[in-house]
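A.B. asks: Build the 3D model from these lines:
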Amino acid sequence: MAEDTASNQPVGLPAHLRDDLKWKPGQSGNPAGRPKGARSLLQEDFFRALQASFEKHGEAVLEIMRVEKPNEYARMIAGLMTKELDASVSGDLSPEVKSWLGLG
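C.D. replies: Modelled structure (predicted):
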């Protein structure tokens, strides 16, 4: 007769909440993992091709884009800018700006 294992299982808990089914610290579901550098190979090849293309056509293409598609040109520039701006401002604000900001 087959062994009854259902009585050994916690009752009423979904599988994702059962401690006996969770990964232990340091344990992996894929011990071999992704080979080092596998993800970056495509990226490296792409950037090499992009660099070669830019060296050959870059300035001319940018000029065409600036004239024919200024919105996309501006979007491209904005996309290349850092997302966070770390700046400090010193000096006095003009009376108009202080008034606008409600500072005086």
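A.B. asks: Closest to the centroid, which residue in the chain?
C.D. replies: In the chain, the centroid-proximal residue (C-alpha atoms, centre = their mean) is Lys83; its distance is 11.3 Å.
A.B. asks: dump the residue contacts of that residue.
C.D. replies: By C-beta atoms under 8 Å, 6 or more residues apart in numbering, Lys83 lies in contact with nothing. Backbone N, C-alpha and C define where each C-beta goes, glycine included.
A.B. asks: Ok, the one 10 residues further on next?
C.D. replies: By C-beta under 8 Å, 6+ apart, the contact set of Leu93 is 101, 103.
A.B. asks: Show the pLDDT at it.
C.D. replies: Looking at Leu93, its pLDDT reads 72.
A.B. asks: again with Trp23
C.D. replies: On the pLDDT scale, Trp23 is placed at 77.
A.B. asks: cool, and the one 10 residues further on?
C.D. replies: For Gly33, the model assigns a pLDDT of 75.
A.B. asks: What is the burial count for it?
C.D. replies: Number of residues near Gly33 (other C-beta atoms under 10 Å) recorded here: 9.
A.B. asks: Repeat that for Ala60.
C.D. replies: So Ala60, with other C-beta under 10 Å, has 9 neighbours.
A.B. asks: That one sits in which helix or strand?
C.D. replies: Element membership for Ala60 (DSSP states H and E) is helix 38-68.
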